[in-house]
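Engineer: need a structure here:
(4 chains)
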2 protein chains.
Amino acid sequence: MDYKTKKVLSIGAVSELTNLSLRQIRYYEERNLIDPARTKGGTRQYSFADVEMLISISTKLQEGVSTFELKKERKKQEKANQKQDMIVGQINAFFRR
Amino acid sequence: MDYKTKKVLSIGAVSELTNLSLRQIRYYEERNLIDPARTKGGTRQYSFADVEMLISISTKLQEGVSTFELKKERKKQEKANQKQDMIVGQINAFFRR
DNA sequence: CGTGTAAGGAATTCTGACACG
DNA sequence: CGTGTAAGGAATTCTGACACG
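Structural biologist: Numbering: from 1, shown residues only, chains lettered A, B, ... in the order given. Sure, this is the predicted structure:
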């Protein structure tokens, strides 16, 4: 697990990185578009991958796509990205000092 | 600025990643070994690079090196790493999708 | 020197709900 | 449907200090 997928960001940090409100970020989770981890205390923790996903979601919503449609697309996206992530991951691992 | 140098981690997250106590992390800052950013409210924010530095600090201290000596080494390290970071950064940027 | 801890306060986040539309 | 907000509470973090050594 690298920096991109570690669930370590607070919702406040994510809000700054994405320019989305806390309300929006929590709502997209409610719609199952993202899945943050939780600390023992219950605080949400996100990864940079989640941040990228949120930015993508935000763009799509502005284009008029519903969260329901985004949810359907999600699984396809995941599978499609899986192969590429594996390759990119190996390349990065190879060059990372 | 990539994921590694963005100041977005809470001290709690850093504590988990490094296995260091909040006290230790704050103390190393007091000794000028790390330099976290701050939110408007005053909460500390670290980068993954800080996490790596902290792990390195922790190891050195266990080896008997003082924080004062570590501070002296710091600048040399920074300069030495600068060139390499630049190269690694460009390579990663090239391969990052 | 490096780290633990109790103390009081402030910043951050959480949930459920009402509102608008 | 997607998002704002006020509400009360809980988790997280902050600082300065005392303690040990």
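
Engineer: three-state assignment of the nearest residue to A:Ser58 once chain neighbours are set aside?
Structural biologist: Leaving aside its sequence neighbours, A:Ser58 sits nearest to A:Leu20 (Cβ to Cβ, 6 or more residues apart in numbering or on different chains; 6.1 Å). From N, CA and C alone the C-beta is placed, and that goes for glycine too. Three-state call for A:Leu20 (DSSP: H, G, I helix; E, B strand; the rest coil): coil.

Engineer: wouldn't A:Leu20 be in contact with A:Val51 here?
Structural biologist: No. Between A:Leu20 and A:Val51 there is no contact under Cβ atoms under 8 Å: 9.6 Å.

Engineer: burial measure for the residue of chain A found nearest DNA strand D, as a count.
Structural biologist: At 2.0 Å from DNA strand D, A:Gly41 is the closest residue in chain A, using Cβ to the nearest atom of the strand. Neighbour count for A:Gly41, taken as other Cβ atoms under 10 Å in any protein chain shown: 6.

Engineer: phi, psi of it?
Structural biologist: With angles defined as degrees, to the nearest 10, A:Gly41 sits at phi -80, psi -10.

Engineer: Would you mind measuring from it to A:Lys79?
Structural biologist: 34 Å (Cβ to Cβ, to the nearest Å).

Engineer: A:Arg44 now?
Structural biologist: A:Arg44 is 25 Å from A:Lys79, by Cβ to Cβ.

Engineer: who's more crowded, the two?
Structural biologist: Of the pair A:Arg44 and A:Lys79, A:Arg44 is the one with more neighbours under other Cβ under 10 Å, namely 20 against 9.

Engineer: Contacts only, for the nearest residue to the more buried one once chain neighbours are set aside.
Structural biologist: Leaving aside its sequence neighbours, A:Arg44 sits nearest to A:Pro36 (Cβ to Cβ, 6+ apart; 4.3 Å). Taking Cβ atoms under 8 Å, 6 or more residues apart in numbering or on different chains as the criterion, A:Pro36 is in contact with A:7, A:11, A:29, A:44-46, A:50.

Engineer: quick one: pLDDT of A:Pro36?
Structural biologist: Listed pLDDT for A:Pro36 reads 98.

Engineer: again with A:Arg97
Structural biologist: 51.

Engineer: One more: A:Lys72?
Structural biologist: 65.

Engineer: Roughly how far does the residue most central in space within chain A sit from B:Lys60?
Structural biologist: Centrality entry for chain A: nearest residue to the mean C-alpha point is A:Asp50, 1.6 Å, by Cα atoms, centre = their mean. Per Cβ to Cβ, A:Asp50 is found 34 Å from B:Lys60.
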